[in-house]
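**Student:** Fold the following.
(chains A and B)
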Number of protein chains: 2
Amino acid sequence: MTPKAIKAKENLSEFKVKVEDELEKIFKDEIEIAKEFTPYAVDYINELKNVTLAGGKRLRAAFVYYTYIMHGGNKLDEILRVCAAIELIHAFFLVEDDFMDEAETRRGYPTIHRTYEEMHEKNDYKKDSHHFGNTIAVNVGIIGDHMALNLVNNANFAPELIIKAMNRLNRQVITTGHGQIHDVLNEVRSELTEQDIINVLHWKTGIYTYDNPIHIGAILAGANDSELKDLSRYAVPGGVAFQIQDDILGSFGDESKTGKSASSDIKEGKQTLLTFKAYDEGTEEDRQVLDEVLGDMDATDEDIDSVREIFLRTGALEYSKAKALELVHEAKDALANNQQNGNWNQEGRDFLEGIADYMIDRDL
Amino acid sequence: MTPKAIKAKENLSEFKVKVEDELEKIFKDEIEIAKEFTPYAVDYINELKNVTLAGGKRLRAAFVYYTYIMHGGNKLDEILRVCAAIELIHAFFLVEDDFMDEAETRRGYPTIHRTYEEMHEKNDYKKDSHHFGNTIAVNVGIIGDHMALNLVNNANFAPELIIKAMNRLNRQVITTGHGQIHDVLNEVRSELTEQDIINVLHWKTGIYTYDNPIHIGAILAGANDSELKDLSRYAVPGGVAFQIQDDILGSFGDESKTGKSASSDIKEGKQTLLTFKAYDEGTEEDRQVLDEVLGDMDATDEDIDSVREIFLRTGALEYSKAKALELVHEAKDALANNQQNGNWNQEGRDFLEGIADYMIDRDL
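**Tutor:** Numbers count the residues shown, from 1 in each chain, chains lettered A, B, ... in the order given. This is a model prediction of the structure:
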């Protein structure tokens, strides 16, 4: 790793502690509010807290923070609250995602829909346990989303800046919604194009994980629309590269490091550059194996290994790695050539540069 | 009906046209944005448009409008946009509600989750059709929610007022989320108290349908916190009365007027004042009938009639009607005794008074 990548990694792990402390405070307040409802409400807000605090790199929050200081922002306590809000929106998406993927666990804990399915069974409640779990989870996610929106709305910045940041944030959730739907469509449709895959990488990660938090940090430090547009030339390719690497780790990662199963992407039938290229470059026999194993929740270890072997042999893995590297270069060039470069605070700028390298050179 | 109730009814039906025109414009713009995604996106935004425009009294939007003019507001084009946003948030909740209730139709049209379940079947897509429909619907709802939030965020009022209105709106969605979860809990749990029922009426209608839009209109016209608090003394009892009447129509209404089935509440096992009182005052045999029929999606017309007969014989219907009337008096007294009464614009004030009577004297 480059020295800036190492430094960015260190910054990220120090920052993680700060933003998680802030999230603890936020949930302490929200649990007080939940007490005005019922003990049930306290329970499910606690479940949301557990999902939010169970782990994660806090990359989205760090982008808000470092882009804010990069643009000369100095209200560090206030921006930390907005950083925490961005992680809480992420928790909302994780809860909805887990419902959509019918996931059993998230970072070792039962997912919210599973927790409430089990509660329903245990209490011998009326009607269907599975549907009950889903309805509770979807609503708990929605509560988390609006808790997060309100943290940004009520942060102590100039009202005009808040409105601009909220506009960005609402448009981002809409884009992510489109991305989620198209991700699901990719999983169920046949005959996808590479563009179908790239679109989802763009909307779900390019915009969501990189462009949005980077813009929010810049907006709250007073950046104008032209500056935001230039920042996207770093953010979008950087984000797509991040997701390609994430998808590689999703099938080839070390589970003890990534904290998630290295077979679940295959079992869910997640459509990635890996699956697309393998299908495109594979033999008729390879395609048969892919058709059978991708999306089969009961696939055996042997099945999973046969898919990994196809990813390797067809060059799909190599292609994905090369694509991620190319995009990281594009992102770093955009940063280096940005007209504002000389005006930026160095610590923020170095973080953005370092993170671009680190994110494709990581094992978790 | 009182003359003011008749006038409020007329105002409401004239206003409905205006707010639906505004919603048409909003969807025209959003469909242009959806085109930048894919034709799939255009389709599901159109589905959301259909749900939003398929009908409804537009009471929530009218509260925003008339409370705004009651407090002297005069940016009528701008407030209309906020009114439309409130109806769009309602469409979001309808989409989520239909998923939760596993409803087949909404005002005669297939619900979004059913439309996408059918699309999945027709295209012979991979994986489960039912779950596919649910995931699409939940995401389309989330998109509608954030479209609505952004309409309010970007409306042309003083930034400080927008932030105050957004804070109110986000807290309301959180309260409604709690309300939804407790409504579902009421349907699956045994041995409810009257308070369990009243809580849901309070959170899902008192706050959501009345208090929130009334506050938003007042906030954008510059009302202070003490004035908002006083308005709640009208809004909350008025809203609970509205819902009690809605639940009466849900089992005794004329389907050709209400536009919804008069058996679905019983089939879903919706817990209302009617069901609570019938259970509380009924014989052992009545309770057995209620236990069997409430929540039975396959209940026959005869089963439904036997439940209606219990609602009548036990006095549950009478009790509900009396409770609604008592709450309407409370709401109207709060309006009459409000310290600001003399300062209010008469047209707005008369609407609020008239609607209180009309809402418990309606057949749709």
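**Student:** Would you mind listing what in the stretch 251-364 of chain A touches chain B?
**Tutor:** A:269, A:295 (C-beta under 8 Å from any C-beta of the partner chain). Where C-beta positions appear, they are placed from N, C-alpha and C, glycine not excepted.
**Student:** For the closest residue to chain B within the stretch 251-364 of chain A, which non-adjacent residue is spatially closest?
**Tutor:** Closest contact between the stretch 251-364 of chain A and chain B, by C-beta to the nearest C-beta, is at residue A:295 (5.9 Å). Spatial nearest neighbour of residue A:295, chain neighbours left out: residue A:269 (2.7 Å); criterion: C-beta to C-beta, 6 or more residues apart in numbering or on different chains.
**Student:** who touches that neighbour in this structure?
**Tutor:** By C-beta atoms under 8 Å, 6 or more residues apart in numbering or on different chains, the residues touching residue A:269 are A:187, A:294, A:295, A:296, B:126, B:127.
**Student:** Widest-spaced pair of those?
**Tutor:** By the measure C-beta to C-beta, A:187 and A:296 form the most distant pair in the contacts of residue A:269, at 12.4 Å.
**Student:** between those two, who's got more neighbours?
**Tutor:** residue A:187 (21 against 15; other C-beta atoms under 10 Å in any protein chain shown).
**Student:** and the closest residue to chain B within the stretch 151-300 of chain A, how many residues sit next to it?
**Tutor:** Nearest to chain B in the stretch 151-300 of chain A, going by C-beta to the nearest C-beta, is residue A:159, at a distance of 3.4 Å. For residue A:159, the neighbour count with other C-beta under 10 Å is 15.
**Student:** my guess is it contacts residue B:159, does it?
**Tutor:** Yes. At 3.4 Å, residue A:159 counts as touching residue B:159 under the criterion of C-beta atoms under 8 Å.
**Student:** For the residue nearest to the spatial centre of chain A, give me its contacts.
**Tutor:** What sits nearest the mean C-alpha location of chain A, by C-alpha atoms, centre = their mean, is residue A:209, with 5.5 Å. Counting by C-beta under 8 Å, 6+ apart, residue A:209 touches A:59, A:60, A:239, A:242, A:243.
**Student:** Now do it against residue A:343, distance only.
**Tutor:** Distance of residue A:209 to residue A:343, given as C-beta to C-beta, to the nearest Å: 26 Å.
**Student:** Show residues contacting the helix-or-strand element of chain A with minimal mean pLDDT.
**Tutor:** When the helices and strands of chain A are compared on mean pLDDT, DSSP states H and E, helix A:255-258 comes out lowest with a mean of 81. Residues from elsewhere that reach helix A:255-258 (C-beta under 8 Å, 6+ apart): A:249, A:250, A:261, A:262, A:363, A:364.
**Student:** farthest-separated two in the residues you listed?
**Tutor:** For the contacts of helix A:255-258, and using C-beta to C-beta, no pair is farther apart than A:261 and A:363, which are 15.2 Å apart.
**Student:** is stretch A:29-43 up against chain B anywhere?
**Tutor:** Yes. Using C-beta under 8 Å from any C-beta, we find that stretch A:29-43 touches chain B at A:34, A:37, A:38, A:40, A:41.
**Student:** How far does that stretch sit from its chain's centre?
**Tutor:** Distance of stretch A:29-43 from its chain centroid, counting by C-alpha atoms, centre = their mean, to the nearest Å, is 28 Å.
**Student:** any idea which of the contacts of helix A:255-258 is closest to residue B:275?
**Tutor:** residue A:261 (44.5 Å).
**Student:** can you tell me which residues contact that closest one?
**Tutor:** For residue A:261, the residues meeting the contact criterion (C-beta under 8 Å, 6+ apart) are residue A:255.
**Student:** re earlier: CA atoms only: put the least confident helix or strand of chain A into PDB for me.
**Tutor:** What follows is helix A:255-258, C-alpha atoms only, in PDB (Å, rounded to 0.1, in the frame of the first residue of the first chain):
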ATOM      1  CA  GLU A 255     -14.700 -14.700   6.000                       C
ATOM      2  CA  SER A 256     -12.800 -14.200   9.200                       C
ATOM      3  CA  LYS A 257     -11.700 -10.800   7.900                       C
ATOM      4  CA  THR A 258     -14.700  -9.600   5.900                       C
END
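**Student:** buried sites along the helix or strand following that helix?
**Tutor:** Using DSSP states H and E, the helix or strand that follows helix A:255-258 towards the C-terminus is helix A:264-268. By neighbour count with 16 or more other C-beta atoms under 10 Å in any protein chain shown, helix A:264-268 contains the buried residues A:264, A:265, A:266, A:267, A:268.
**Student:** Following element in sequence after helix A:264-268, please.
**Tutor:** Next along from helix A:264-268, by DSSP H and E: helix A:273-281.
**Student:** Can you give the distance from the helix or strand following that next one to the centre of its chain?
**Tutor:** Following helix A:273-281 in sequence order, the next helix or strand is helix A:284-293 (DSSP H and E). In terms of C-alpha atoms, centre = their mean, the centre of helix A:284-293 is set 29 Å apart from its chain centre.
**Student:** Output the next helix or strand after helix A:284-293 as CSV, restricted to C-alpha atoms.
**Tutor:** Sequence order places helix A:301-313 as the next helix or strand after helix A:284-293, per DSSP H and E. The C-alpha trace of helix A:301-313 is given here as CSV (Å, rounded to 0.1, in the frame of the first residue of the first chain):
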residue,chain,number,x,y,z
ASP,A,301,-19.4,-26.0,-0.9
GLU,A,302,-18.4,-28.0,-3.9
ASP,A,303,-20.9,-26.1,-6.1
ILE,A,304,-19.5,-22.8,-4.8
ASP,A,305,-16.0,-23.9,-5.6
SER,A,306,-17.0,-24.9,-9.1
VAL,A,307,-18.3,-21.3,-9.6
ARG,A,308,-15.1,-19.8,-8.2
GLU,A,309,-13.1,-22.0,-10.6
ILE,A,310,-15.1,-20.6,-13.5
PHE,A,311,-14.6,-17.0,-12.3
LEU,A,312,-10.8,-17.7,-12.3
ARG,A,313,-10.5,-19.8,-15.5
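**Student:** other SSEs contacting the next helix or strand after helix A:301-313?
**Tutor:** Going down the chain from helix A:301-313, the next helix or strand is helix A:316-336, by DSSP H and E. Counting by 3 or more C-beta pairs under 8 Å, 6 or more residues apart in numbering or on different chains; DSSP states H and E, the packing neighbours recorded for helix A:316-336 are helix A:225-252, helix A:273-281, helix A:346-360.
**Student:** quick check: angle from helix A:316-336 to helix A:273-281?
**Tutor:** 130 degrees (axes from the mean of the first three to the mean of the last three C-alpha atoms, to 10 degrees).
**Student:** Tell me the buried residues in helix A:316-336?
**Tutor:** Applying 16+ other C-beta under 10 Å to helix A:316-336 flags A:316-317, A:319-320, A:323-325, A:327-328, A:330-332, A:334-335 as buried.
**Student:** If I follow the layout properly, residue A:85 ends up in contact with residue A:149?
**Tutor:** Yes. If you go by C-beta under 8 Å, residue A:85 and residue A:149 touch, sitting 7.5 Å apart.
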